[in-house]
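# Structure, please.
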Amino acid sequence: MSPRDVDAGAPPVLSLDRLSTADGHEDVCLEVRPGEILGLYGLVGAGRSELVKAVLGLDRCTGGEIRVRGKAARISSPRQALHRYGIGYLTENRKEEGVFLDQPVHRNITVTVWRRLARAPGFVPARKARTIAQGLVDRLGIRVGDSGRTRANSPEATSRR
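Model prediction:
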């Protein structure tokens, strides 16, 4: 991979302006510009995850504003955050919150694009999902057991995390 180009003068793609949450955050301000990747850090219990969950619509915002590409955004769910605003979240607790343990690896890899893969509401062709997943496995160097047919909670998959 090559380093990302960041234009510090570009308008922010995401901004929090004096955002307050039900979990006690007050007047949080930040801006993310094109090409930037935001990472939050702090001690356990500092509220990183809770802040992000409020931005994703999982927890309540009590004040301030979220703007995406300069426009006010009222985000009510992670689905809306991803599909309408292009905001994704990588949880720090991937083993409990980041995978569907009862589903095959290919479904976990393609979950964010199911809408585009679906032929009819609720039906995602497994062969197409496996093909896309295998391409990502190859391109990103993801290690999975049993040619990707492994369940996410199987010994083969968990030993590779």
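
# Give me the phi and psi angles of the closest residue in space to E92 that isn't next to it in sequence.
In this structure, E92 finds its nearest non-sequential neighbour in S49, 6.5 Å apart by C-beta to C-beta, 6 or more residues apart in numbering. Glycine gets a C-beta too; all of them are placed from N, C-alpha and C. Backbone torsions for S49, taken as degrees, to the nearest 10, come to phi -60, psi -40.

# shouldn't S49 be in contact with T91?
Yes - using C-beta atoms under 8 Å, S49 is in contact with T91, at 7.4 Å.

# Looking at those two, which one has more neighbours?
Taking neighbours as other C-beta atoms under 10 Å, S49 and T91 compare with S49 leading, 20 against 13.

# what about the helices in the protein?
Under the criterion DSSP state H, the chain carries helices at the ranges 48-55, 78-83, 94-97, 105-110, 114-117, 126-140, 155-158.

# I'd like the average pLDDT over the last one.
To tie it back to what came earlier, the one meant is helix 155-158. The average pLDDT within helix 155-158 is 47.

# same question, the second one
Mean pLDDT, helix 78-83: 88.

# Packing partners of it?
The contact analysis (3 or more C-beta pairs under 8 Å, 6 or more residues apart in numbering; DSSP states H and E) places helix 78-83 against no helix or strand.

# go on, the fifth one?
Applying 3+ C-beta pairs under 8 Å, 6+ apart, one finds that helix 114-117 contacts helix 126-140.

# before we move on, what about the longest one?
Packed against helix 126-140, as judged by 3+ C-beta pairs under 8 Å, 6+ apart, are the following elements: helix 105-110, helix 114-117.

# Mind listing what's buried along that helix?
Neighbour counts over helix 126-140 (16 or more other C-beta atoms under 10 Å) mark K128, A129, R130, I132, A133, Q134, V137 as buried.

# sorry, back to before: looking at the helices and strands packed on helix 126-140, which is closest to R18?
Among the helices and strands packed on helix 126-140, helix 114-117 comes nearest to R18, with 33.3 Å by C-beta to C-beta.

# Quick one: mean pLDDT for that closest one?
In this model, helix 114-117 carries a mean pLDDT of 78.

# Stretch 141-149 now?
Stretch 141-149 comes out at a mean pLDDT of 70.
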